[in-house]
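**Q** With the sequence up front, the predicted model follows.
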Amino acid sequence: MNEVLKVEGLSAGYGPLRVIHDLDLVVNPGERVGIVGLNGHGKTTLFYAIAGLTGWQRGSILLTGKQIGRTRSQGPGRYTHQIVRQGLAIMPQGDEIFQGLTVEEHLDSGAFTPDAWRTRKERKERVLDIFEPLRKLMRMPVGRLSGGERRMVSIGRGLMTDAKLYLADEPSLGLAPKIGMAVMEALLAINLKDSAMLIAEQNVALLEGKVDRVIGMHAGKLKGEASSSFRLSGNR
Amino acid sequence: MDIAFIFVNAITVAAIYGLIAVAVSITWSSLGLINLAYGFIYSFAGYSAWLVATYVARQYLDPALHPFVIAATGILAGALGGILVCLVVFIPLHDKPAFTSRGMIATLAISLIGSQLLLMAFGPTAKSLPELFGRWRVKFMDITLTADKIGIVVCSALMLAVVVMWMRSSRRGLEIRAMMMNPHAASIVGIGIRRTGIYVMALTGAMAGLAAVLLSQTYFISPFSGLTPLIKGVSIALCGGLGSIQGAVIAAILLGLVEALTNKFMGGQYVLMTQFLFIILVLIVRPRGISGLLDKAREQ
Amino acid sequence: MSDATTPKTYRWKNPLSAWETTTGNDEADSITVADPAMPWQASKGFKVETHPVGRLKYFVVWPAHGARTWDRARWWPTRRNFLNIKGLYNRKTAVAEKKILDRKPIYWLLCLIALALGPILFPENQTNALLTAGATFGIFAAINVCWTLIIGTASIFSLATYAVVGTAAFVTSFLSIQYGVPWYFLMPAGALIGLAFGVLIAIPALRLDGFYYALLTLGLNELFRVFFTTSKQFGSASGGLYGADSFINPDWEPLTQSYVAYYAAFGLLVASLFLFRFINGKRLGRVLRMAPEKREAFAAACGVDYKRARITIFLATSTALGFIGGFYAAQYRGVAYSIFDFQTVLLGLAMVTIGGIGRAEGAVLGTLVVIFLRDVLIEFGPIRYLIIGAAMLAVVLFLNNGYFGIRKQFNAWRAKKRGEWRSTRAEKGGELLPEEATEIDDKDHLYFRRYDKMQRDYLKTLIKPEIIEEHRRQPLGQHSEALERVLLYFRRAKMEDKYALRSAGPHGPYKIIAFSGTRGVSPRLVDDREFVTLDEAYHGVFMRRVHDLLES
């Protein structure tokens, strides 16, 4: 009952395309779980399915015991904000940012619960401690930042509330290796307490040994845990 | 005295039409909806204020309270009308294909139905509201400013200031602005499109309601009286650039000036013509209005 | 076959041991092997409900071939066929049949005949009222057909259509009253005025985006109304400008006058339909179909001058609208201010939307509905405007493109739902989705994939560390049942991507290669690992195949 996320029999896709096939996943409190897989194997779709952004989905998704998955197929994103408000922080792939808002307003927009809104000053300080380079860009419109800074902003935006589950979708994608490493390190430095974090990544090397578990994802299914898996190629 | 009088008149009217222009602008930029039902909201709010003024305020209330009660009724009725439009048009349509054109046609349909209903309920005779601001006047450098003119300008400036402040500093305002920029990302940070839609429509409806109360003291309320303010408001919003508040304000003042000058030098029947020539000229030079390029508005 | 639930205790007996194998393994240990028929029985038992598969397209099939004859028949003097007919032979019975691929011309013809013969069928006591309504319908339908050309084909969202018509009507009435211009000059004069106004209001359309232009034209409409009601020349107390010359002789009987008005308006409607056909169905319309909204930049990059096409259409249509304005003045001996009313624009928009924007049939049907409600059901009073408004609202809320878009919308919705349902049911890897399946001609292929999927599912249950260990110890020779079944499956693999060994010398070392499956294309090296002994290499290949099996 005390799992942060419990996914059972989840299938999801877009139109006639089925991307995720009967997937089960359990994430425990305080855990960082890496999901590794190639392009097009359903990592992002898994996150979208948790957030209710896929075309259709079916199966059960329990976020701290509350059912947020539903069999549904009316347009994506209809219930996303309600799901997000139950304690989800999404750090999306690509640039899902508000071009014209400044960095500060951007961080504010992440604080969507009344409690977080009241304490947004301290929260911003905490985010800035992690992402030091943002401190002098606070008044800058986000549209003018570089890719790495944008990613920092979008991750920082996710950190503004006390989420129960953080979803970081390819935090290092499209960034220079060094910056990608820094972003990843910042993600790993977050004190999770009893929440949990899912990190999707193509580059196993960035995750190896730094997260609690690494799960492979292949063709819409999870492929065991790399740390304890029965490796067929082990006898090479 | 003459030019000053006309100028003051123009500013007064511009203040009211500016309210509707800002309402149109905000609705377009945050919801992507061209709301042409403000004419109906305007008449609806006017009639509500009239009902309260004749049947409630006159019999039960202290005369000192009248202006506040009537204005509040107008604003509340306007907000209600806005919420109605949101529930009927925005919420069912916002994720359908060709939302912009369908939304516009749907708001036109609402104004068709609404004005017919008002016609059936109240008949074609025009009603007028009592004067809210009394009958005092101020002499200022040999210009006589009557109470209603000062009241109108002050009230609409106040409303605009409140709206702008609220948009700048509150959480809801931030949500609305975030939704203007990127509706998809907004849903990711927990901003509900439908709920924000209701806030926006209530706010803009309240502005139209206030405009109705302010204008109906000098003009009349009739089922179709919302048309002129709507068209003026839309033209100002267009000229200022849809989606920009400061653009709308600048355009309102400029068009007021054009109106005053035309009145002075050419005669009253050319006002609309010169105004539209001005708007067309502005739009040909800058297709997105005076400040359509200043800030990054919704591109659709 | 034994029951799958009771496991056998396996000692695998070598059936060849009577011939004395070299390695001497008459018997081998075996893990529990489930019944191989199990997946078949599992998939044979219908647990899920079955659904109809494939795509249905209903065509009325007519007897006899006749396509050749129909192909030869043309509209003189064009090269256009009367009907698009496809002749074919029934696949089962080999009987000649034909299909009418596009039945719209037939429907159009029937509807137009009905409109032409309508007056005969009108009830006696209402003939006059219905003829008047019919004349209004004809003119408004003509206007709306032109308007749908602007909104739909040219995608310029102009709301100033009635303003153009009204202006042309006012100016021509004025000319006729003031200078005695006869009625047959009113229409060309109206066309000229329409063209002039079209040029005037097309200038902003060049620069503005769709909805900016819609709002601007809304204002222009109001401007025209105010101008005509307040100006000295056109203004009068009678609510309009009347007294123009008309082709309807006032000395005729009233019924004759109505008949002439009706058929003149009908002729106008037919002419506007031809205009629609010649713009929308020809080069201009096709060019613009390549440049739909939001993809203009792409079309421009392909060399489509969409702006020019749009403006051309806009000007041509404005001319036509001016012509209609002149006709209006000639038919009604003048025009009322109400043509500039916001209400008129709203009703016009209702007409266009109810039928569906961008289609001539939509404009005509919408006009029919609205005019019927407004002019025929007069006893309903103001409620009829509510009905029109409600119909417009309902159409806009629920339909993507009016009445004539229902079919497409429903088909799209059904396809989407069906796709979703099927993809939630389908299992990846083995069976094809029904959509794909209907498109593969070789049905053997479908059955093969289905069988193969079942077999793989079964074999996956047999892959255990025990059999891998067994194979490692002894790749060749007699094996336990489980391993033997797996190996038999592997041997049957297709040549494409089949693994093989390449030895560098007579006794190794060995590397794994994979066949290309195509004659003349050399095998590719799978990886660089070298195996010293042949048995090790055999096992390497085996491990690869096991891996592939588990991945599939």
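**A** Sure thing, it's come through.
**Q** contacts, neighbours, all on C-alpha from now
**A** Fine.
**Q** any idea how far the residue in the stretch 401-550 of chain C that chain B sits nearest to lies from residue C:368?
**A** Closest residue of the stretch 401-550 of chain C to chain B, Cα to the nearest Cα: residue C:401 (9.1 Å). Applying Cα to Cα, to the nearest Å, the value for residue C:401 to residue C:368 is 17 Å.
**Q** Comparing the two, which shows the higher neighbour count?
**A** Between residue C:401 and residue C:368, counted using other Cα atoms under 10 Å in any protein chain shown, residue C:401 has the larger neighbour count: 24 against 21.
**Q** which secondary structure elements does the strand or helix carrying residue C:489 contact?
**A** Assigned by DSSP states H and E, residue C:489 belongs to helix C:481-491. Judged by 3 or more Cα pairs under 8 Å, 6 or more residues apart in numbering or on different chains; DSSP states H and E, helix C:481-491 is in contact with helix C:465-473.
**Q** For the helix it packs on, which outside residues touch it?
**A** C:31, C:479, C:480, C:482, C:483, C:535, C:536, C:539, C:543 (Cα atoms under 8 Å, 6 or more residues apart in numbering or on different chains).
**Q** Centre of the chain to it, how far?
**A** Centroid separation for helix C:465-473 versus its chain: 57 Å, with Cα atoms, centre = their mean, to the nearest Å.
**Q** Point me to the residue of chain A nearest chain B.
**A** residue A:81 (3.9 Å).
**Q** Can you give me every residue that contacts that residue?
**A** Residue A:81 neighbours (Cα under 8 Å, 6+ apart): B:187, B:188, B:189, B:190, B:191, B:192.
**Q** Out of those, who's the most crowded?
**A** So for these (other Cα under 10 Å), the most neighbours sit at residue B:188, 29 neighbours.
**Q** I'd assumed residue A:80 was in contact with it.
**A** Yes. Residue B:188 lies in contact with residue A:80 (Cα atoms under 8 Å); the separation is 6.6 Å.
**Q** how near is the residue lying closest to residue C:298 once chain neighbours are set aside to residue C:297?
**A** The shortest distance from residue C:298 to any non-neighbouring residue, by Cα to Cα, 6 or more residues apart in numbering or on different chains, is to residue C:291 (7.6 Å). According to Cα to Cα, residue C:291 stands 8 Å off from residue C:297.
**Q** what does residue B:29 give?
**A** Relative to residue C:297, and taking Cα to Cα, residue B:29 is found at 23 Å.
**Q** Over to residue A:96?
**A** From residue A:96 to residue C:297 the distance is 24 Å (Cα to Cα).
**Q** Those two: which has the busier surroundings?
**A** More crowded of residue A:96 and residue C:297, by other Cα under 10 Å: residue A:96, with 17 against 14.
**Q** So the more buried one: helix, strand or coil?
**A** coil (DSSP: H, G, I helix; E, B strand; the rest coil).
**Q** OK, contacts around it?
**A** So residue A:96 contacts A:154, B:182, B:184, B:185 (Cα under 8 Å, 6+ apart).
**Q** Now do the third one, the pLDDT please.
**A** This points to residue B:184. Note on residue B:184: pLDDT of 76.
**Q** tell me what the host helix or strand of it is packed against?
**A** Following DSSP H and E, one finds residue B:184 within helix B:183-188. On a contact count with 3+ Cα pairs under 8 Å, 6+ apart, helix B:183-188 meets helix A:80-85, helix B:171-181, helix B:193-215.
**Q** part of a strand, is residue C:62?
**A** Yes. Assessed with three-state DSSP, residue C:62 lies in a strand.
**Q** Quick check: chain neighbours aside, which residue is closest to it?
**A** residue C:98 (5.2 Å).
**Q** ok, now residue B:268?
**A** Residue B:268 sits nearest to residue B:262 (Cα to Cα, 6+ apart), 7.0 Å away.
**Q** follow-up on the earlier one: buried ones from the contacts of residue A:96, can you make that a PyMOL selection?
**A** Command for PyMOL that selects the buried part of the contacts of residue A:96, burial taken from 16 or more other Cα atoms under 10 Å in any protein chain shown:
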select buried, (chain A and resi 154) or (chain B and resi 182+184+185)
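**Q** Now flag whichever of the contacts of residue A:96 is closest to chain C.
**A** residue B:182 (17.6 Å).
**Q** and the closest one, what does it touch?
**A** Contacts of residue B:182 by Cα under 8 Å, 6+ apart are A:96, A:97, A:98, A:99.
**Q** Would you indicate which residues of the helix or strand containing residue C:397 are buried?
**A** Using DSSP H and E, residue C:397 falls within helix C:383-398. In terms of neighbour count (16+ other Cα under 10 Å), helix C:383-398 has its buried residues at C:383-386, C:388-393, C:395-397.
**Q** do the same with stretch C:244-252
**A** So, applying 16+ other Cα under 10 Å, buried residues of stretch C:244-252: C:244, C:245, C:246, C:247, C:248.
**Q** what subset of the residues you listed is also close to chain B?
**A** Among the buried residues of stretch C:244-252, none lies close to chain B by the criterion of Cα under 8 Å from any Cα of the partner chain.
**Q** Next up, phi/psi of the closest residue to chain A within the stretch 51-200 of chain B, please.
**A** Here the stretch 51-200 of chain B gets closest to chain A at one residue, residue B:190, 3.9 Å apart by Cα to the nearest Cα. Per-residue torsions, residue B:190: phi 80, psi 20 (degrees, to the nearest 10).
**Q** measure it to residue B:30 for me?
**A** 16 Å.
**Q** swap in residue B:117?
**A** 29 Å.
**Q** And for residue B:269?
**A** 36 Å.
**Q** And the two? Which one has more around it.
**A** Taking other Cα under 10 Å, residue B:269 and residue B:30 do not tie; residue B:30 has more neighbours (25 against 15).
**Q** Poorly predicted segments of chain C, please.
**A** Low-confidence segments of chain C (pLDDT under 70): C:1-11, C:16, C:20-26, C:28-29, C:44-58, C:233-238, C:422-439, C:552.
**Q** Can you pull the residues of chain B lying near chain A?
**A** Going by Cα under 8 Å from any Cα, the residues of chain B near chain A are B:95, B:171, B:174-175, B:178, B:181-182, B:184-185, B:187-192, B:295-296.
**Q** Strands of the stretch 101-250 of chain C, start to end?
**A** C:240-242 (DSSP state E, counting those that start in this stretch).
**Q** Can you pull the residues of chain B lying near chain C?
**A** Counting by Cα under 8 Å from any Cα, chain B sits next to chain C at B:89, B:92-93, B:96-98, B:101-103, B:105-106, B:108-110, B:112-113, B:116-117, B:120, B:231-232, B:234-235, B:238, B:269-270, B:272-273, B:276, B:280, B:283-284, B:287-288.
**Q** how about a cut-off of 6 Å?
**A** Chain B has residues B:102, B:106, B:109, B:112, B:113, B:231, B:272, B:287 near chain C, with proximity defined as Cα under 6 Å from any Cα of the partner chain.
**Q** Okay, domains of chain C per the record?
**A** As given by automatic domain parsing, the domain ranges for chain C are C:11-43+C:453-551, C:61-104, C:134-340.
**Q** how long is the second one from one end to the other?
**A** Read it as domain C:61-104. Counting by Cα to Cα: the opening and closing residues of domain C:61-104 are 16 Å apart.
**Q** ok, now the last one?
**A** With Cα to Cα as the measure, the ends of domain C:134-340 fall 21 Å from one another.
**Q** right, and out of the contacts of helix C:465-473, which lies closest to chain A?
**A** residue C:543 (7.4 Å).
**Q** Tell me if that closest one really is in a strand.
**A** No. According to three-state DSSP, the state of residue C:543 is helix, so it is not within a strand.
**Q** ok, it - contacts?
**A** Not one residue lies near residue C:543 by Cα atoms under 6 Å, 6 or more residues apart in numbering or on different chains.
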